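What follows is a predicted protein model with its sequence.
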Amino acid sequence: MRIDVVTLFPDFVQQCARFGVIGRAVERGLLEVEAWNPRDHATGGYRRVDDSVCGGGPGMVMLIEPLRKTLAAARQAVAGTAPVIYLSPQGQRLTQEKVQELAGLPRMILLCGRYEGIDERLIEHEVDEELSIGDYVLSGGELAAAVLIDAIGRLQEGALGDAQSALQDSFSDGLLDCPHYTRPVSHEWGEVPAVLLSGDHAAINRWRRMQSLGRTWLRRPELLENLTLGENDQRLLEEFKREHKGNTHEQDH
Ligand code: 9WO
């Protein structure tokens, strides 16, 4: 997969693709990340990429033409259509389902704004989708682009080792992850749950599923509203709720 990023800070974006799982995916040719700087396509002595806000108000707005030329250059770089995705607080909220959809594309172009934003006419004519990683305003779209590159990059086939299969990701089925433990088995802060030491993989998988369901119920119940749980999952969640109520009752005394 190839991701082209239009950004005033290309070094930042390239650095984000150099480490860990994403760095290895790039080294293995599973992922390609290219950055394009609108300042390279700005004209005039000052190579302006922004201008004052029409109607007055604080800050600056990114100009149409440098972005238009940069997008044209990015499209021309590699054949094939690529959706243009603008990272903005006004976008559709990013979900794992959306990440999985995007991870299946051969190419995409990410557009990162700065200042107060981008001239609306550029968005209307060039942007296919707006995506938000959360309801907060950052200094620019680059960190959101880095999040998207990471979430998509780790889903590229071969990016994760077998032991880290993305298919095991709890969020891949809409649930929160189960707790994880490592050595020492005994610590002043507690013991590793015995089931994880039992070698009984069916029991371990059952415990992990119950923990994912239970944690989702406790911490993000709204996620369960979007899911249709099978009979087994419903039984596991009920068992978790009974145990949780029992523990909470103990804690009250
Ligand atoms: C700046 C600003 C200042 C005062 C009042 C309102 C304001 N809105 C903005 C603003 O949205 N600036 C953006 C900066 C313009 C587009 C790029 N920037 C950005 C993207 N900030 N936060 C994001 C972002 C992207 C994806 N998901 C969450 C946040």
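That came through fine.

and residue 87, what are its phi and psi?
phi -80, psi 110 (degrees, to the nearest 10).

give me the low-pLDDT residue ranges for the stretch 51-200 of the chain?
162-172 (pLDDT under 70).

Contact residues of it facing the ligand?
With the criterion set to C-beta under 6 Å from any ligand atom, the stretch 51-200 of the chain comes near the ligand through 87-89, 113-114, 116-117, 132-134, 137-138, 140-141, 144. Every C-beta, even on glycine, is put in place using the N, C-alpha and C of the backbone.

and if we set it to 5 Å?
87, 88, 89, 113, 117, 132, 133, 137, 138, 140, 141, 144 (C-beta under 5 Å from any ligand atom).

The third one: neighbouring residues, count only.
Residues lying near residue 89 (other C-beta atoms under 10 Å) number 16.

Verify the contact between it and residue 136 for me.
Yes. Residue 89 is within contact range of residue 136, at 7.1 Å (criterion: C-beta atoms under 8 Å).

Next up, the contacts around residue 132.
87, 88, 89, 90, 91, 92, 93, 94, 144 (C-beta atoms under 8 Å, 6 or more residues apart in numbering).

For those, give me TSV that also has secondary structure and distance to residue 195.
Formatted as TSV, these follow (DSSP: H, G, I helix; E, B strand; the rest coil; distance: C-beta to C-beta, whole Å):
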residue	secondary structure	distance to residue 195
87	strand	42
88	strand	45
89	strand	43
90	strand	46
91	strand	42
92	strand	40
93	strand	35
94	coil	34
144	helix	39
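
Adding distance to residue 156, write those out as a markdown table.
Listed next are those as a markdown table, based on distance: C-beta to C-beta, whole Å:
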| residue | distance to residue 156 |
| --- | --- |
| 87 | 20 |
| 88 | 25 |
| 89 | 28 |
| 90 | 28 |
| 91 | 23 |
| 92 | 22 |
| 93 | 23 |
| 94 | 17 |
| 144 | 19 |
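
who wins for neighbours among these?
Most surrounded of the contacts of residue 132: other C-beta under 10 Å gives residue 87, at 27 neighbours.

about what we covered before: which of the residues of the stretch 51-200 of the chain next to the ligand lies closest to residue 191?
Nearest to residue 191 among those is residue 133, at 37.0 Å by C-beta to C-beta.

Enumerate every residue touching the residue nearest to that closest one when sequence neighbours are not counted.
Sequence neighbours aside, residue 144 is the residue nearest to residue 133 in space, at 4.6 Å (criterion: C-beta to C-beta, 6 or more residues apart in numbering). For residue 144, the contacting residues are 87, 112, 131, 132, 133, 138, by C-beta under 8 Å, 6+ apart.

Next up, the contacts around the fifth one.
The reference is to residue 133. 87, 93, 94, 143, 144, 147, 148.

got the phi/psi numbers for the residue nearest to the second one when sequence neighbours are not counted?
In other words, residue 93. Of all residues not flanking residue 93 in the chain, residue 132 sits nearest, at 5.5 Å (C-beta to C-beta, 6+ apart). Backbone torsions of residue 132, given as degrees, to the nearest 10, read phi -120, psi 140.

for residue 191, same thing?
According to degrees, to the nearest 10, residue 191 has phi -110, psi 150.

so it bridges to which residues?
residue 186 (DSSP bridges).
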